[in-house]
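J.: Fold the following and give me the result.
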Amino acid sequence: MKWFSSPVTHISGQIVPPGDKSCSHRAILFASLAKGTSYISGLLEGDDVLRTAAACRQLGANITRTGFGHWTVTGKGGFSQPDAPIDFGNSGTGSRLMMGAMAGYALRAELTGDESLCSRPMNRVLNPLYEMGAKAENAEDGRFPLTLIGSDQLQSIDYTSPVASAQVKSCVLLAGLKAKGTTILREARFTRDHTERMLTGFGVELSQKQDGDGQVVSIEGGQTLKAGDFTVPADPSSAAFLLATALIDPGSDVVIDGHMMNPTRNGFLRMIQKMADVELTYPRTVSGEDVVTVVIKGETGLKACDPPAEIVPAMIDEFPIFAVLAAFAKGETRVTGVEELRVKESDRITATVDMLRVNGVEVEELEDGFVIQGCDGKVPGGGTVEARHDHRIAMSALVMGVKAQKPVSVDDISMIATSYPEFFDHMAQLGADIREG
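T.: You can find the predicted model right below:
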């Protein structure tokens, strides 16, 4: 059944976005690895995070939901043999981080997921784990389903990541916690650093040194995580959809509270500051992360702006919704250096290009990005977008429909619950008209 997003006259409201998905995965995982009881608030209760919680339960942690976004986790200081296969659903982050965490224990774990996850490459995390001493069965093609065979005799490595990926970095660092000696991870470009920040919050000592445009992270094996309290900050990837909804309406009046300012995650916010008038107020710190309140009054149109290479990693998940803004902007927008999008939940380059084309936007697909000719506020709309089981494509299309000249429809919205269960409620609060048709 299709869902339609129809044009509306005015967007306004004040919203607190849901908890950050990246931090939510890590909060559950790190608390499960710790010895003792941790209290987590603000947890994103999307399907992906719930899959991570279920996996940690299978590995021995005691995890209880005590209220909306409030969870209690009692860990045993490590993982034990699961008694059934672990199904990660559609969660690439949860599966890759968990593989690193499991690799340092003497266990066998059958790992699987949905059709989308089983088509995504896992060699990028398996290869360093093999070097450290872990093994895998049925992993010839580097994809799920496979059986991970951990070892309590992992050896430390000095590893240069072949891709700019926080998942690869986190996997290696988590395995390094159980390895003998010092594990070193080198990345050519900075990626999101929630793992480093949050491990420090859980009592782990590590070293970070800048190296050109990237960094070198070192972690000593044998350290134990300490239980504690953690508040999950708001998710900038979810906030991006709300911000975009405000920005495409010339008369909007929107306040988004608790936006994370982590420099590895605020690339989208930095870009929209170049495209329109965006006010940042009330700076403060939540569980080690700087946050602000964002105020948008749609008094000016959007100006086209090409994302510079140094910002790309800090907004890698936001390019589908950024493309929607580019479609409404005045001028040409060229996005390059985002080939990583081809191995997300869908081929997000092709999916984004098709989303725009079917709604009357002139766009050229590149091998590593796309070029969009902005419509200066007059996106034709009227098309049906194939979501391709990708939550970010589905949500981006529905945002586009809010101010397109004709309604925009999406063929499937079921996957939105994986990352943003409150999406429809929050869009309705802003004044959007999204309904089943």
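J.: What is the neighbour count of the residue lying closest to Asp20 once chain neighbours are set aside?
T.: Excluding the flanking residues, the one nearest Asp20 by C-beta to C-beta, 6 or more residues apart in numbering is Asp235, at 4.0 Å. Heads up, the C-betas are built off the backbone N, CA and C, glycines and all. Applying other C-beta atoms under 10 Å, we find 26 residues neighbouring Asp235.
J.: One more: Glu310?
T.: Glu310 has 13 nearby residues by other C-beta under 10 Å.
J.: With the one 10 residues further on instead?
T.: Pro320 sits with 28 neighbouring residues when counted by other C-beta under 10 Å.
J.: Show the contacting residues for Glu339.
T.: Residues near Glu339 by C-beta atoms under 8 Å, 6 or more residues apart in numbering: 349, 367-369.
J.: How about Pro313?
T.: With C-beta under 8 Å, 6+ apart, Pro313 has these contacts: 164, 189-192, 264, 267.
J.: could you redo the last one with a cut-off of 10 Å?
T.: Contact analysis of Pro313 by C-beta atoms under 10 Å, 6 or more residues apart in numbering lists 164-166, 187, 189-192, 213-214, 264-265, 267, 337-338, 340.
J.: Backbone dihedrals for it, please?
T.: Backbone geometry at Pro313, expressed as degrees, to the nearest 10, gives phi -60, psi -30.
J.: Which pLDDT value goes with the nearest residue to Gly203 once chain neighbours are set aside?
T.: For Gly203, ignoring the flanking residues on the chain, the nearest one in space by C-beta to C-beta, 6+ apart is Lys226 at 3.5 Å. On pLDDT, Lys226 comes in at 97.
J.: what's the answer for the one 5 residues further on, then?
T.: Looking at Thr231, its pLDDT reads 91.
J.: In space, what's closest to it - neighbours in sequence excluded?
T.: Closest to Thr231 by C-beta to C-beta, 6+ apart is Ser287, at 4.5 Å.
J.: Around the one you found, how many other residues sit close by?
T.: Neighbour tally, Ser287, other C-beta under 10 Å: 19.
J.: related to what we said a few turns ago, mind giving me the PyMOL select for the contacts of Glu339, buried ones only?
T.: Buried members of those, defined by 16 or more other C-beta atoms under 10 Å, are picked up in PyMOL with:
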select buried, resi 349+369
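J.: does the residue nearest to Asp20 really touch Gly258, like I thought?
T.: Yes - counting by C-beta atoms under 10 Å, Asp235 does reach Gly258; the two are 9.3 Å apart.
J.: Bridging across strands, which residues link to the residue nearest to Gly203?
T.: Beta-bridge partners for Lys226, by DSSP bridges, are Lys35.
J.: now do the one 5 residues further on
T.: Here Thr231 sits in beta bridges with Ser41, as judged by DSSP bridges.
J.: OK, contacts around Gly75?
T.: Counting by C-beta under 10 Å, 6+ apart, the residues that Gly75 touches are 29-38, 56, 59-63, 225, 227.
J.: How much space separates it from Pro85?
T.: Computed with C-beta to C-beta, to the nearest Å, the distance linking Gly75 and Pro85 is 22 Å.
J.: anything in contact with each of Asp235 and Gly258?
T.: 17-20, 42.
J.: Run a quick neighbour tally on the nearest residue to Phe202 once chain neighbours are set aside.
T.: Leaving aside its sequence neighbours, Phe202 sits nearest to Leu225 (C-beta to C-beta, 6+ apart; 4.3 Å). Residues within reach of Leu225, counting by other C-beta under 10 Å, total 24.
J.: what does Ala109 give?
T.: Based on other C-beta under 10 Å, the number of other residues close to Ala109 is 24.
J.: From the chain's centroid, how far away is the helix or strand it falls within?
T.: Here Ala109, judged by DSSP states H and E, is contained in strand 108-112. In terms of C-alpha atoms, centre = their mean, to the nearest Å, the gap separating the centre of strand 108-112 from the centre of its chain is 23 Å.
J.: helices or strands up against that strand?
T.: helix 47-58, strand 86-87, helix 92-102, strand 135-137, strand 146-149 (3 or more C-beta pairs under 10 Å, 6 or more residues apart in numbering; DSSP states H and E).
J.: just these: most buried one?
T.: helix 92-102 (a mean of 25; mean count of other C-beta atoms under 10 Å).
J.: and that one, what's its mean pLDDT?
T.: Mean predicted confidence for helix 92-102 is 98.
J.: one step back: would you format the shared contacts of Asp235 and Gly258 as a markdown table with distance to Pro421, pLDDT and secondary structure included?
T.: What follows is those, written out as a markdown table (distance: C-beta to C-beta, whole Å; pLDDT from 0 to 100; DSSP: H, G, I helix; E, B strand; the rest coil):
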| residue | distance to Pro421 | pLDDT | secondary structure |
| --- | --- | --- | --- |
| Pro17 | 12 | 95 | coil |
| Pro18 | 7 | 93 | coil |
| Gly19 | 11 | 94 | strand |
| Asp20 | 14 | 93 | coil |
| Gly42 | 14 | 94 | coil |
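J.: Looking at those, spot the one nearest Met271.
T.: Pro17 (17.5 Å; C-beta to C-beta).
J.: got the contact list for the closest one?
T.: 44, 233-243, 256-260, 420, 422-423, 426.
J.: same thing with Lys344?
T.: Counted by C-beta under 10 Å, 6+ apart, Lys344 has contacts 92, 116, 120, 316-317, 319-320, 351, 390, 392-393.
J.: ok, now Asp193?
T.: 166, 169-170, 208, 215, 217, 262-265.
J.: Now do stretch 315-330: distance to the chain's middle.
T.: Worked out by C-alpha atoms, centre = their mean, stretch 315-330 lies 16 Å from the chain centre.
J.: going forward can the numbers begin at 8, since that is how I track them
T.: Happy to do that; since the first residue is 8 now, the last one works out to stretch 322-337.
J.: Buried residues, stretch 164-180. List them.
T.: Buried, per 16+ other C-beta under 10 Å, within stretch 164-180: 164, 166, 168, 170-180.
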